[in-house]
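**Q** Prediction below, plus the sequence it came from.
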Amino acid sequence: MIFWLADRWGEPDPSKIAALPADTLFHWRAFFLKQGIFKKPSPEGSDNNPPPVKSTTAAVNPSLDAQCAAVMKVLM
């Protein structure tokens, strides 16, 4: 998820995303779970989750990516 977030927000250094507090990362994980972009891991721990797909919410609301990027800039 760290690399995916860095790619989504255009951050060339994923370690900056990884350095965020756990609460912030859990918040974004919950947000993307609610949007349907991520799936919860199965209880067996098997790796049957497909990689995240490009969000269709960006097509519906183009300012969502801009808002996410603005939040990340404030946090950094």
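**A** The structure has been received and is ready for your questions.
**Q** contacts and neighbour counts: CA atoms only from here.
**A** Fine.
**Q** all strands of the protein, in order?
**A** Ranges of strands within the chain: none, based on DSSP state E.
**Q** Least confident secondary structure element in it?
**A** helix 57-60 (a mean of 53; mean pLDDT, DSSP states H and E).
**Q** where in this protein is pLDDT low?
**A** For the chain, applying pLDDT under 70 flags the ranges 38-62.
**Q** Please repeat the previous calculation with a cut-off of 90.
**A** Residue ranges of the chain with pLDDT under 90: 1-14, 16-18, 20, 22, 24-76.
**Q** Show me where the protein has its helices.
**A** 2-8, 14-18, 22-35, 57-60, 63-75 (DSSP state H).
**Q** got the angle between the third one and helix 63-75?
**A** Helix 22-35 and helix 63-75 are oriented at 180 degrees to each other (axes from the mean of the first three to the mean of the last three CA atoms, to 10 degrees).
**Q** Return the set of buried residues in helix 22-35.
**A** Neighbour counts over helix 22-35 (16 or more other CA atoms under 10 Å) mark 25, 29 as buried.
**Q** Likewise for the last one?
**A** Under the neighbour-count criterion of 16+ other CA under 10 Å, helix 63-75 has 65, 69, 72 buried.
**Q** Kindly reformat these as JSON lines and extend each row with distance to residue 1.
**A** Formatted as JSON lines, the buried residues of helix 63-75 follow (distance: CA to CA, whole Å):
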{"residue": "65", "distance to residue 1": "16"}
{"residue": "69", "distance to residue 1": "16"}
{"residue": "72", "distance to residue 1": "15"}
